[in-house]
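Student: Just need the structure, nothing else, for what follows:
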Amino acid sequence: MKENRSKWMVFTTFILFLCLPTFAYADAGIPMIVLTYPAMILLLIPVSIIEAVVYSQKLGITFKNTMWPSFVSNLVSTIVGIPIAWLLLLLIELVTTFGRPFDLSTFFGQIMTVALQSAWFMPPNTNAGSAMSWMLPLTFVVGLIPAFFISIWIEARIVMKFFKEKDGVEIKKVVKKANIYSYGALIILCIILAVVSKVILYPIFQARANKAEEMELVKETNYIKLHPADDYAYFTRGLHYDVLHDSKKALADYSKAIEINPNYGTAYQMRAKIYYALKEYDKSWSDVHKAEKFPFGSSDFRFISDLQKASGRDK
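Tutor: Below is the predicted model of the structure:
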């Protein structure tokens, strides 16, 4: 039975990949099950303890006699339930978003990513490190919702086999209450991680990253003083300005690189992204077309798709 179930899961995942090849690409996102599955295994003991306490209190059985049924039922619901919950969320994601990432530079895009792409977390199409710091823990919360109902269904049947003398309806109610406590604790933990990541950890890491970028800017500026005709130096400095969200200076350096080398396809691509961010869509389209004519031109199809939608050219 277990072997057949595993084969079915592999087959289903393969079919989903065929339906939407984007998901099969190495850089197309993060299958969240590779993070949630190990995490749930590690949390198996504390979750089992929480639910064993509830069973002991509500069923009038000693904690010693409820711990093993709690552990076994949680082990099975984790091994079986988590993949089923993930596949369900993945199916919803395929149907609602077709594998297309949202713009993480907007709050709406961040919320929609958490709500609809918690199974396969899509990579940001903008520099959105701040959003990433709190979004990942919240995708766990979304994943816990279907897992909660599946766990109740599985665990109730297993617990009933251990306590056959107890009323089945009563056991179902107790199992539901036990899962409310355990999943509630997990949700609170995820929210705390999201807040800590957003408020404390991200500013620290961002400050260090910005300092490193500023040091690189100094090096590039000194190099440009000695080599004012180096198109690559201007392009590289533009990338550093881009990371620091200084769009005007990034735009100036990309333009200077293009002025020196009119065939600089990647510089056209990066300047097109700046124009897109500034909502200068005609200029952005112009640079996209130029980038496609030269080596190392635009290959960021997600960016082009966003540009088409924003400028109304997708109709």
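Student: Pull the distance from stretch 32-40 to the chain's centre.
Tutor: Averaging C-alpha positions (Cα atoms, centre = their mean, to the nearest Å) puts stretch 32-40 12 Å from its chain's average.
Student: Format the CA atom coordinates belonging to it as CSV.
Tutor: The C-alpha coordinates for stretch 32-40 follow below in CSV (Å, rounded to 0.1, in the frame of the first residue of the first chain):
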residue,chain,number,x,y,z
MET,A,32,8.6,24.3,-0.2
ILE,A,33,8.2,20.6,0.7
VAL,A,34,12.0,20.3,0.8
LEU,A,35,11.9,22.8,3.7
THR,A,36,8.6,21.9,5.4
TYR,A,37,9.2,18.1,5.4
PRO,A,38,12.5,18.2,7.4
ALA,A,39,11.1,20.9,9.7
MET,A,40,8.0,18.8,10.5
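Student: Please work out the average pLDDT along the longest helix seen in the chain.
Tutor: Of all the segments of type helix in the chain, defined by DSSP state H, the longest one is helix 129-162. Helix 129-162 carries an average pLDDT of 89.
Student: list the buried ones in it?
Tutor: With burial defined by 16 or more other Cβ atoms under 10 Å, the residues of helix 129-162 counted as buried are 130-144, 146-148, 150-152, 154-156, 158-160, 162. Placement of C-beta: from N, CA and C, glycine included.
Student: Can you name every helix or strand that that helix contacts?
Tutor: If contacts are counted by 3 or more Cβ pairs under 8 Å, 6 or more residues apart in numbering; DSSP states H and E, helix 129-162 sits against helix 33-42, helix 63-76, helix 82-97, helix 107-116, strand 120-121, helix 168-196, helix 202-226.
Student: ok, 10 Å please
Tutor: helix 33-42, helix 44-59, helix 63-76, helix 82-97, helix 107-116, strand 120-121, helix 168-196, helix 202-226 (3 or more Cβ pairs under 10 Å, 6 or more residues apart in numbering; DSSP states H and E).
Student: Tell me the spacing between the residue sitting furthest away from the middle of the chain and K58.
Tutor: Summary for the chain: using Cα atoms, centre = their mean, the residue whose C-alpha lies farthest from the chain's mean C-alpha position is E165, with a distance of 45.4 Å. Taken as Cβ to Cβ, to the nearest Å, the spacing of E165 relative to K58 amounts to 15 Å.
Student: what's near enough to touch K166?
Tutor: With contacts defined as Cβ atoms under 10 Å, 6 or more residues apart in numbering, the neighbours of K166 are Y55, L59, G60, I61, V159, M160, V174.
Student: Nearest residue to the first one in space, ignoring adjacent ones along the chain?
Tutor: Read it as Y55. Closest residue to Y55 apart from its sequence neighbours, by Cβ to Cβ, 6 or more residues apart in numbering: T66 at 4.0 Å.
Student: try the fourth one
Tutor: The shortest distance from I61 to any residue other than its chain neighbours is 6.5 Å, reached at Y55 (Cβ to Cβ, 6+ apart).
Student: how many neighbours does that neighbour have?
Tutor: 27 (other Cβ atoms under 10 Å).
Student: All set now, cheers.
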